[in-house]
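Undergrad: Sequence and predicted structure below; questions after.
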Amino acid sequence: MVRLDKHCNKFAGQTASDSLDLILEKPFDINGRYILFTKTGNDGNVLTDECGFELGGNFIMIIDVNDCPPLFYTVENVTVQEDKNIKVDWKVNPEYFAKGAESVFSAWAILKRNTSAGGGFYPQDYVDLYTARTWTDAFVTEEELDNVSYEYAIQLIQNGEALAPQNQVNSILLQTQPLSNGFLPFSWNNYTGWSNPQYEFFYGEFEQSTSSFQWTSVSPLGNTLNYDFELGQYIDQTDSGYYAFKVQATSTDPGNNFVSESNWLYLDFRPEQDSIVDSTIVNLGTPYIPNVFTPDNDKFHDRFWISLEEGGRNYRQYAQVSIEVYNRWGKLVYENSDFGPINTQSQGWDGTDMNSGQQLADGVYYYIINMKDPETFTEKNYKGHVTIFKNGQ
């Protein structure tokens, strides 16, 4: 071959494309090799080859991305907070956001699942602050705290895409069996937040002067998942008292200062004559809070009120009952800091908007209810939703 002639036949003034401005719909956020290829179309933006001819489809360009920071995020701790709610903490490698990853951040998705019932994870909430490293599960009820261990995972959503969670951690569920031969047998599930959690069992005596429990550690238990509490060793059996029990897990890893705590169980101790023990683990009474009521004056379910299931303390014994109700946009539509006196089937809330004085529209509303027991001053907090339905009126 003597020579090679290029038969380009360029049109007058036509030159080859020597640069390309690549405008991305969203930034690259993961290192790797990306392939850009052209498609035919009629948008007026024409790429030409070195001969000046329009490029056809499937022309390929390779783009190497290698400066994205490594991504590492895991749940650090899950703990029940004073028998009221569950707190989740997580961590992220510092250099990730230090290199500007907040520009592609969308949200943290809080995933949750019921380990007792089985099933998969579902999104419980979303946090749109990229610096967030903690979240409190205000959706869990006090009844669930005493009956369910929940497992949590964190999912990063960036560039509008949900990335896979990198670990999951469960809450500690403390349970007990009936009193037997002077012992209360307790057991709990294994905490998965650390490779070798160490457990410690506590009992607390309620002090009315401080309206709080004074906690005492019974003994470090290592990785044991049960403990038989001997009443005669720790409780004065000649006097009535109110007690609570809990378990805490700590890590043996250096620098890990987190503590995971279980739910609390309660003992209402009342000695009878001749010091015969008559003691049971008690539930202060599980409120029955309706999920629907029909304020249409037909004398059936016209009012929103709170009752207790059979065997619990009567709601009238609670020293304080307060209630707040919000619509779906977060506007307060009903509030009563002294709901107790009207907490009856005939006098409860009738679905009237406190702002307008008019009946609220049918739909779902969200309540926050706080109740305080007069004997122990223990507060109970409940959050949920109720539907107003006026039977077509």
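TA: Here it is on my side, so go on. All figures in this text were calculated on a predicted structure; none of them were measured in a lab. Residues are numbered from 1 along each chain as shown.
Undergrad: Distance-wise, check Q81 relative to N327.
TA: For Q81, the distance to N327 equals 28 Å [CB to CB, to the nearest Å]. C-beta coordinates here come from the backbone N, C-alpha and C atoms, glycine included.
Undergrad: typed the wrong thing, it's Y150
TA: Separation of Y150 from N327 (CB to CB): 28 Å.
Undergrad: hmm, back to that, same drill for Q81 and N327, tell me which one is more crowded.
TA: N327 (16 against 12; other CB atoms under 10 Å).
Undergrad: check contacts around that one.
TA: The neighbours of N327, taking CB atoms under 8 Å, 6 or more residues apart in numbering as the test, are 333, 360, 363, 365-366.
Undergrad: ok, so of these, who is nearest Y191?
TA: Taking CB to CB as the measure, Y191 sits nearest to Y366 out of the contacts of N327, at 31.4 Å.
Undergrad: and stretch 249-260, average pLDDT?
TA: Averaged over stretch 249-260, pLDDT sits at 92.
Undergrad: count of neighbours near Y150?
TA: Using other CB under 10 Å, Y150 has 23 neighbouring residues.
Undergrad: let me fix that: N257
TA: 8.
Undergrad: for it, helix, strand, or coil?
TA: The three-state label given to N257 by DSSP: H, G, I helix; E, B strand; the rest coil is coil.
Undergrad: give me every residue that touches the residue minimising distance to the centre of the chain.
TA: Geometric centre of the chain, nearest residue: D137, 3.1 Å, by CA atoms, centre = their mean. If a contact means CB under 8 Å, 6+ apart, then D137 has 85-88, 110, 112, 124-125, 150, 152 as its contacts.
Undergrad: Try it again at 7 Å.
TA: 85-86, 88, 124 (CB atoms under 7 Å, 6 or more residues apart in numbering).
Undergrad: hmm, which two among these are most spread apart?
TA: Within those, N85 and Q124 form the most distant pair, 12.2 Å apart (CB to CB).
Undergrad: Just the contacts of D137: which are in strands?
TA: When those are checked against strands (DSSP state E), the matches are 85-86, 88, 124.
Undergrad: what's the helix or strand for G330?
TA: Per DSSP states H and E, G330 falls between elements, in no helix or strand.
Undergrad: distance of it from K112?
TA: 22 Å.
Undergrad: For I110, give the beta-bridge partners.
TA: D125, I154 (DSSP bridges).
Undergrad: Was I right to think it contacts D125?
TA: Yes: counting by CB atoms under 7 Å, I110 touches D125, with 4.5 Å between them.
Undergrad: any shared contact partners between these two?
TA: W135.
Undergrad: What does the pLDDT read for the closest residue to N114 other than its chain neighbours?
TA: The shortest distance from N114 to any non-neighbouring residue, by CB to CB, 6 or more residues apart in numbering, is to V148 (5.6 Å). V148 carries a pLDDT value of 92.
Undergrad: V148 contacts G118, doesn't it?
TA: No: applying CB under 7 Å, one finds V148 not in contact with G118, separated by 11.6 Å.
Undergrad: So between these two, which is more surrounded?
TA: Per other CB under 10 Å, whichever of V148 and G118 has more neighbours is V148, with 16 against 7.
Undergrad: measure the more buried one to V386 for me?
TA: Distance of V148 to V386, given as CB to CB: 22 Å.
Undergrad: now do A107
TA: 28 Å.
Undergrad: N181 too?
TA: 45 Å.
Undergrad: where does the chain have low pLDDT?
TA: Residues of the chain meeting the criterion pLDDT under 70: 1-27, 29, 37-60, 69, 98-101, 270-286, 308-319, 373-378, 391-393.
Undergrad: Of the contacts of D137, select the buried ones using a PyMOL command.
TA: In PyMOL, this line selects whichever of the contacts of D137 come out buried by 16 or more other CB atoms under 10 Å:
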select buried, resi 85+86+88+124
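Undergrad: picking that back up, counting neighbours, go ahead and name the busier of I110 and D125.
TA: Under the criterion of other CB under 10 Å, the comparison of I110 against D125 puts I110 first, with 23 against 16.
Undergrad: who touches that one in this structure?
TA: Counting by CB under 7 Å, 6+ apart, I110 makes contact with 88, 123-125, 127, 135, 152, 154.
Undergrad: same question, S171
TA: Contacts for S171 (CB under 7 Å, 6+ apart) come out as 78, 80, 86, 149-150.
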